[in-house]
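**Q** sequence and predicted structure, then a few things I'm wondering about:
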Number of protein chains: 2
Amino acid sequence: MNKIDITRIRRFHRTVTREAGVLDQSFLGRGRPLGLARVLNAIGRGITEVAAIRDYLGLDSGLMSRLLRGLEDEGLVSTTPAPDDARRRIASLTDAGQAEFDAYEDLSNTRAHRLLQNHPNAQALLDAMDLIASALGQHAVTFEEVDTRDSRAIWCLTQYFDELARRFETGFEVHLSKDPEATSMIRPQGAFFIALSDGLPVGCCGLKGHGDWGEVKRLWVAPSARGLKLATRFMDRIEATAHDLGQSVLRLDTNSQLPEAVAMYRRLGWTEIDRFNDDPYPDVFFEKRL
Amino acid sequence: MNKIDITRIRRFHRTVTREAGVLDQSFLGRGRPLGLARVLNAIGRGITEVAAIRDYLGLDSGLMSRLLRGLEDEGLVSTTPAPDDARRRIASLTDAGQAEFDAYEDLSNTRAHRLLQNHPNAQALLDAMDLIASALGQHAVTFEEVDTRDSRAIWCLTQYFDELARRFETGFEVHLSKDPEATSMIRPQGAFFIALSDGLPVGCCGLKGHGDWGEVKRLWVAPSARGLKLATRFMDRIEATAHDLGQSVLRLDTNSQLPEAVAMYRRLGWTEIDRFNDDPYPDVFFEKRL
DNA sequence: AAATTCATCTGACAATGGTCTGATAATCAT
DNA sequence: ATGATTATCAGACCATTGTCAGATGAATTT
């Protein structure tokens, strides 16, 4: 371990802590203590169950209750018992609360906006942020099954095809809006999954149904999230889903120009088979019996 | 401004804030409130004047005084009046204080260490951190005149030659330890500057003395700090120093494969001249009269 | 020499965040 | 039905942090 490497991390940490402090100050400028602001923001971000907020912010139940009461007294939040279990309570923003939340959002967004505008290479900056956020939050990646027309799914697929176009010089011509394959990756024929890191999509993978066998399609992991074994976790999910759908065999095609992918499939117990389609791009074909 | 870009920044911010909170918690584990720990760390990092600490941590003078007293009572810190102005006070760590500071350092370092070890691409992670820290702290870059044998100067020069070796396929053979040019970039013949961002070297530039004229050498800015106009600030300093040393003309050589550099010199008022040395690498030559 | 300015300190006080104990009401297990 | 468990709430309490006015002693200005 290099000494200057530690210096670099420590410097990063200090800078970013200071930045966070500045934002906290600007939040305080709205005349509300930070505790209340944090709860309001959690609710605004869609964390509505009291227990979930407490967990997210790491608060004691007594303190949580008082903060919630404070927001209610201000008329920013209202709470109702959960329909299925009246012990749990659901918090939601009133109109005034929504307005306050928006004001907080504006403070953050303005700061973010200015940071990007003042930087000579905003794209590199964003990539760097993704990389770091993924590294720090690598235990927090969740998976969600979505429709292929979900906006986050489309974002992943766009990234995926962009990357293919970059790596294969022949290019790719895909019109996602009327993608003929998309419908076969929707239940009950197939399925489509995305991986989310704190709400940001960082990967996708599809299972296309062909009756009694399934085909793995469009496995993609964002560059910032590579090395975190997301692909393996995707494949676990795909296999489980294929099993549920009554498929006994999985197949997939890939390209020898992607040696990491080929090596991974071998490691996960796939066996190479003969070409099973006439797609011009792939040149390696795999199969796995469940 | 793209909406998902804002999402990405916000996600980054949340992740990093959470990370900072975790470190604060581990600091609290040493049984001392955060305020005291922060003051102790500031002193350990070399911020010794009471006013400077107050400024750095953004504290009220009353609170500052009390925290300092607390550390003194614990026997971790001692204060003395400043020799030139007995109103100001200088804080310093006692042996026990140094030991405590080291313990805090260990907590941070261990965390940093583990982060790097668990990541598939530590180098990319560090580069990303540098980029972000430079972007966030772009107003905090300071310049320092140092000897060319200073360890930070050598680090910059190593980076510089590595980069040249990468950009010019012919390669570079420089032995920094017995670099014949280094001594002519030391006073009184010349000078050498480095740029520091929160303690991390992010650039360098040398002025080599040739009697009545000076030569600009080894201007380098770290990739993470490019676009922040550091090169311009270096040149301002070099010109001022050359003037002080009684040099009336500055010259430099560069290469047409570095079009950003060539464009910058033109913008700063340099005029192209004929070759003035027989170095094989450069093919463009500039002069500026002061 | 007196007045002013300055850096720090002290004491009083308020706001905030955090912890704990026990109350309440809903739900679950037996 | 009874007791145990669960989620939230309320009250008491303390430590920490933040704020303010004025005191002290050193330096600077007039």
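**A** Yep, that arrived.
**Q** and the residue of the stretch 151-290 of chain A found nearest DNA strand C, what does it touch?
**A** When distances are taken as CB to the nearest atom of the strand, the stretch 151-290 of chain A reaches nearest to DNA strand C at residue A:198, 21.3 Å away. Where C-beta positions appear, they are placed from N, C-alpha and C, glycine not excepted. For residue A:198, the contact set (CB atoms under 8 Å, 6 or more residues apart in numbering or on different chains) comprises A:133, A:137, A:140, B:11, B:14, B:15.
**Q** where in the stretch 1-150 of chain A is pLDDT low?
**A** Residue ranges of the stretch 1-150 of chain A with pLDDT under 70: A:1, A:138-139.
**Q** quick one: the strands in the stretch 51-200 of chain A, in order.
**A** Taking DSSP state E, counting those that start in this stretch, the strands of the stretch 51-200 of chain A run over residues A:77-81, A:89-93, A:141-145, A:191-197, A:200-210.
**Q** put together a markdown table for those, with distance to residue A:272 and mean neighbour count on each row.
**A** Shown next, in a markdown table, are the strands of the stretch 51-200 of chain A (distance: least, CB to CB, whole Å; neighbours: other CB atoms under 10 Å in any protein chain shown):
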| stretch | distance to residue A:272 | mean neighbour count |
| --- | --- | --- |
| strand A:77-81 | 57 | 15 |
| strand A:89-93 | 52 | 17 |
| strand A:141-145 | 28 | 14 |
| strand A:191-197 | 25 | 23 |
| strand A:200-210 | 19 | 24 |
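**Q** output these in CSV, with distance to residue B:244 appended to each entry.
**A** Formatted as CSV, these follow (distance: least, CB to CB, whole Å):
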stretch, distance to residue B:244
strand A:77-81, 64
strand A:89-93, 62
strand A:141-145, 57
strand A:191-197, 53
strand A:200-210, 52
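**Q** who wins for proximity to DNA strand D among these?
**A** For the strands of the stretch 51-200 of chain A, proximity to DNA strand D was assessed by CB to the nearest atom of the strand; strand A:89-93 is nearest, at 4.3 Å.
**Q** and that closest one, what other elements does it pack with?
**A** Applying 3 or more CB pairs under 8 Å, 6 or more residues apart in numbering or on different chains; DSSP states H and E, one finds that strand A:89-93 contacts helix A:34-44, helix A:50-57, strand A:77-81.
**Q** most tightly surrounded among those?
**A** helix A:34-44 (a mean of 20; mean count of other CB atoms under 10 Å in any protein chain shown).
**Q** contacts for that helix, please.
**A** The contact list for helix A:34-44 (CB under 8 Å, 6+ apart) reads A:24, A:27-28, A:30, A:32, A:53, A:56-57, A:63-64, A:67-68, A:70-71, A:76-77, A:91-93, A:97-98, A:100-101, A:104-105.
**Q** that one to strand A:77-81, inter-axis angle?
**A** Here helix A:34-44 runs at an angle of 60 degrees relative to strand A:77-81 (axes from the mean of the first three to the mean of the last three CA atoms, to 10 degrees).
**Q** which residues are in contact with the residue of the stretch 1-150 of chain A found nearest chain B?
**A** Nearest residue of the stretch 1-150 of chain A to chain B: residue A:120, at 2.6 Å (CB to the nearest CB). Applying CB under 8 Å, 6+ apart to residue A:120 gives the contacts B:226, B:227, B:228.
**Q** rerun that using 7 Å as the cut-off
**A** B:226, B:227 (CB atoms under 7 Å, 6 or more residues apart in numbering or on different chains).
**Q** do the one 4 residues further on as well
**A** Taking CB under 7 Å, 6+ apart, we find residue A:124 in contact with residue B:131.
**Q** quick one on the thing from earlier: tell me how far the residue of the stretch 1-150 of chain A closest to chain B lies from residue B:260.
**A** Here residue A:120 is placed at a distance of 11 Å from residue B:260 (CB to CB, to the nearest Å).
**Q** go on, residue A:24?
**A** Look at residue A:24 and residue B:260: by CB to CB, they are 38 Å apart.
**Q** between the two, who's got more neighbours?
**A** More crowded of residue A:24 and residue B:260, by other CB atoms under 10 Å in any protein chain shown: residue A:24, with 14 against 8.
**Q** and the gap between the closest residue to that one other than its chain neighbours and DNA strand C?
**A** Nearest residue to residue A:24 in three dimensions, chain neighbours excluded: residue A:34, at 5.9 Å (CB to CB, 6 or more residues apart in numbering or on different chains). Going from residue A:34 to DNA strand C by CB to the nearest atom of the strand, to the nearest Å gives 4 Å.
**Q** got the CA positions of stretch A:223-242 in CSV?
**A** C-alpha atoms of stretch A:223-242 as CSV (Å, rounded to 0.1, in the frame of the first residue of the first chain):
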residue,chain,number,x,y,z
PRO,A,223,-18.5,0.4,-16.1
SER,A,224,-18.7,2.0,-12.6
ALA,A,225,-20.1,-1.2,-11.1
ARG,A,226,-17.8,-3.7,-12.7
GLY,A,227,-15.9,-6.1,-10.5
LEU,A,228,-18.7,-6.2,-7.9
LYS,A,229,-19.9,-9.6,-9.2
LEU,A,230,-23.2,-8.2,-10.4
ALA,A,231,-23.2,-10.4,-13.5
THR,A,232,-23.0,-13.5,-11.3
ARG,A,233,-25.9,-12.3,-9.3
PHE,A,234,-27.9,-11.6,-12.4
MET,A,235,-27.3,-15.1,-13.7
ASP,A,236,-28.5,-16.6,-10.4
ARG,A,237,-31.7,-14.7,-10.8
ILE,A,238,-32.1,-15.7,-14.4
GLU,A,239,-31.6,-19.4,-13.6
ALA,A,240,-34.2,-19.2,-10.8
THR,A,241,-36.7,-17.5,-13.0
ALA,A,242,-36.1,-19.9,-15.9
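**Q** name the residues of it that are buried.
**A** Buried positions in stretch A:223-242, judged by neighbour count with 16 or more other CB atoms under 10 Å in any protein chain shown: A:224-228, A:230-231, A:233-235, A:237-239, A:241-242.
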